[in-house]
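Enquirer: Make a model of this:
(one chain, ligands or ions: 2)
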Amino acid sequence: MAKRAENEQPQKAFGWAARDPSGILSPFHFSRRENGDDDVTVKIHYCGICHSDLHSLKNEWGFTKYPILPGHEIVGFVTAVGSSVHKFKVGDRVGVGVIVGSCQTCDICEQSLENYCPNVIFTYNSTDHDGTNTYGGYSDMIVVHQRFVLQFPENLPSDAGAPLLCAGITVYSPMKYYGMTEPGKHLGVAGLGGLGHIAVKIGKAFGLKVTVISTSPKKEDEAINKLGADAFVLSSDPAKLKAAVNTMDYIIDTIAAVHPLAPLLSLLKMDGKLVTLGLPEKPLELPIFPLVLGRKLVGGSDIGGMKETQEMLDFCAKHNITADIELISVDNINMAMERLAESDVKYRFVIDIANSLSPS
Ligand code: NAP
Ligand code: ZN
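Expert: Ligands and ions are numbered 1, 2, ... in the order given. Below you'll find the predicted structure:
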């Protein structure tokens, strides 16, 4: 299998992949397609580590194809463009997020909601148009159709900006779609990890009052004094939860594990909206009474389309929103995964690919 990945395409590539559900990553030689007319080749400098990478590495969703090479928060520099590419040139700094392909012709793609296209191609663990597996950003380079490449705004740093490409758009898109941006309204953010801490910052940029709902008492001080949240509710403390009942207009739920929804629904006012973004391996139980009695709404959302992802990057650049990151070398990637599983990261690991990845 590994040998096939190495030879099936003309360009040699190198990264770190897992071979089985232990999820342990190790060096991996593979190959990428030639840069086509509509393609952009990117030398990868930084790649964020999303909890979806960890779910996938361990096959928690049941559809991982091994070897898997994750990574969908990619920032790098263009090294080649095809003859039909006019938006990008060699040397440009660009981003690549969670998707690298779609049919590009359906109604959904026409609205630039490529992320919801039935034929969406994810950046890793997906089947590309040519039938090969896609491999993500824990690697030296990637070849991507121009539609799925983003201009990276000048004032965003490459390392702390990289997580916006998944975590940023994943929280921005539902806030816009579900109308959760009215200044002065009260937003709860459940789970203060990669997605959650950016939701706090984007919420504040929209002028919301933001309360973090967390299981980690040690995150309280930073949530308020560093990330700019207005309040912090420790979800394991019944008195604190009770004091916050019926106070929130919206909640963004980014919790990566199975958890009860009833306490979160109780925090919402009448007509409140709860958007679930986390993707735990098992279904959550949905209590109906609080929904019915309070005319509350529960919804979901999956990253965002290409147009909106560019809009989000420009919004974050304008409001100086970046991730708080721990920059690691690729050799520390397995340690980072262990810490991510324990909710022990402030608040996103980013791999320094350009300075630490070398073929061995
Ligand atoms: P993360 O950095 O690990 O953050 C998740 C947070 O959830 C943790 O920091 C922790 O916050 C809380 N948490 C974890 N285990 C918990 C438990 N057992 N009970 C209660 N709270 C718990 O993960 P992430 O990268 O932000 O991703 C979050 C989830 O969103 C993942 O499931 C990921 O796959 C999913 N995701 C979805 C999309 C989408 O498009 N919908 C996109 C990207 C990621 P506290 O310490 O504050 O409690
Ligand atoms: Zn992600």
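
Enquirer: from here on, contacts and neighbour counts on C-alpha atoms
Expert: Noted.

Enquirer: per-domain residue ranges of the protein.
Expert: According to automatic domain parsing, the chain comprises the domains 11-166+304-356, 171-300.

Enquirer: Please see if the shortest one touches ligand 1.
Expert: Yes: looking at domain 171-300 against ligand 1 by C-alpha under 6 Å from any ligand atom, the contacts come from 191-196, 214-216, 254-257, 259, 277-280.

Enquirer: Endpoint to endpoint, that domain covers what distance?
Expert: This stretch, domain 171-300, spans 11 Å end to end (C-alpha to C-alpha, to the nearest Å).

Enquirer: do that domain and ligand 2 meet?
Expert: No: Domain 171-300 does not reach ligand 2 (C-alpha under 5 Å from the ion); its nearest approach is 8.5 Å.

Enquirer: what mean pLDDT does that domain have?
Expert: The average pLDDT for domain 171-300 rounds to 97.

Enquirer: same deal with the first one?
Expert: Along domain 11-166+304-356, the predicted local confidence has a mean pLDDT of 98.

Enquirer: chain center to that domain, what's the gap?
Expert: 9 Å (C-alpha atoms, centre = their mean, to the nearest Å).

Enquirer: Say whether ligand 2 is contacted by that domain.
Expert: Yes: using C-alpha under 5 Å from the ion, domain 11-166+304-356 comes into contact with ligand 2 via C50, C166.

Enquirer: Pull up the distance across that domain, start to finish.
Expert: This stretch, domain 11-166+304-356, spans 21 Å end to end (C-alpha to C-alpha).

Enquirer: Wondering if it reaches ligand 1 at all.
Expert: Yes: counting by C-alpha under 6 Å from any ligand atom, ligand 1 has neighbours in domain 11-166+304-356: C50, H51, S52, C166, L340, S343.

Enquirer: Make TSV from the domains of the chain and add mean neighbour count and distance to R4 to it.
Expert: Formatted as TSV, the domains of the chain follow (neighbours: other C-alpha atoms under 10 Å; distance: least, C-alpha to C-alpha, whole Å):
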stretch	mean neighbour count	distance to R4
domain 11-166+304-356	21	8
domain 171-300	19	30
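
Enquirer: Need the ones you listed in JSON lines (columns: distance to A5).
Expert: Putting the domains of the chain into JSON lines (distance: least, C-alpha to C-alpha, whole Å) gives the following:
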{"stretch": "domain 11-166+304-356", "distance to A5": "5"}
{"stretch": "domain 171-300", "distance to A5": "28"}
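
Enquirer: for S126, what are its contacts?
Expert: Neighbouring residues of S126 by C-alpha atoms under 8 Å, 6 or more residues apart in numbering: N133, T134.

Enquirer: how far away is it from V345?
Expert: Taken as C-alpha to C-alpha, the span from S126 to V345 is 27 Å.

Enquirer: Next: I202.
Expert: Taking C-alpha to C-alpha as the measure, I202 falls 19 Å from V345.

Enquirer: quick one: the strands in the stretch 251-360 of the chain?
Expert: 268-276, 297-300, 325-328, 348-352 (DSSP state E, counting those that start in this stretch).

Enquirer: With distance to S102 added, can I get those strands in TSV?
Expert: Output for the strands of the stretch 251-360 of the chain, formatted as TSV (distance: least, C-alpha to C-alpha, whole Å):
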stretch	distance to S102
strand 268-276	24
strand 297-300	21
strand 325-328	30
strand 348-352	27
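
Enquirer: Quote the end-to-end distance of stretch 332-346.
Expert: End-to-end distance for stretch 332-346: 16 Å, by C-alpha to C-alpha.

Enquirer: whoops, stretch 51-69 was the one
Expert: End-to-end span of stretch 51-69 (C-alpha to C-alpha): 14 Å.

Enquirer: go on, stretch 180-195?
Expert: In stretch 180-195, first residue to last residue: 16 Å (C-alpha to C-alpha).

Enquirer: picking that back up, looking at the strands of the stretch 251-360 of the chain, which is closest to A17?
Expert: strand 348-352 (13.9 Å; C-alpha to C-alpha).

Enquirer: what's that closest one packed up against?
Expert: If you count contacts as 3 or more C-alpha pairs under 8 Å, 6 or more residues apart in numbering; DSSP states H and E, strand 348-352 packs onto strand 39-49, helix 158-161, strand 325-328.

Enquirer: now these as TSV including distance to A244?
Expert: Formatted as TSV, the helices and strands packed on strand 348-352 follow (distance: least, C-alpha to C-alpha, whole Å):
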stretch	distance to A244
strand 39-49	32
helix 158-161	32
strand 325-328	30
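
Enquirer: Of all the ones you listed, which one comes closest to D302?
Expert: Of all the helices and strands packed on strand 348-352, strand 39-49 comes closest under C-alpha to C-alpha, at 17.2 Å.

Enquirer: quick check: angle from that closest one to strand 348-352?
Expert: Counting by axes from the mean of the first three to the mean of the last three C-alpha atoms, to 10 degrees, strand 39-49 points 130 degrees away from the direction of strand 348-352.

Enquirer: what's strand 39-49 packed up against?
Expert: strand 74-81, strand 141-145, helix 158-161, strand 348-352, helix 353-356.

Enquirer: Adjacent strands (with direction) for the following helix or strand past the second one?
Expert: Using DSSP states H and E, the helix or strand that follows strand 141-145 towards the C-terminus is strand 150-151. Using DSSP bridges, the neighbouring strands of strand 150-151 in the sheet come out as strand 93-96 (antiparallel).
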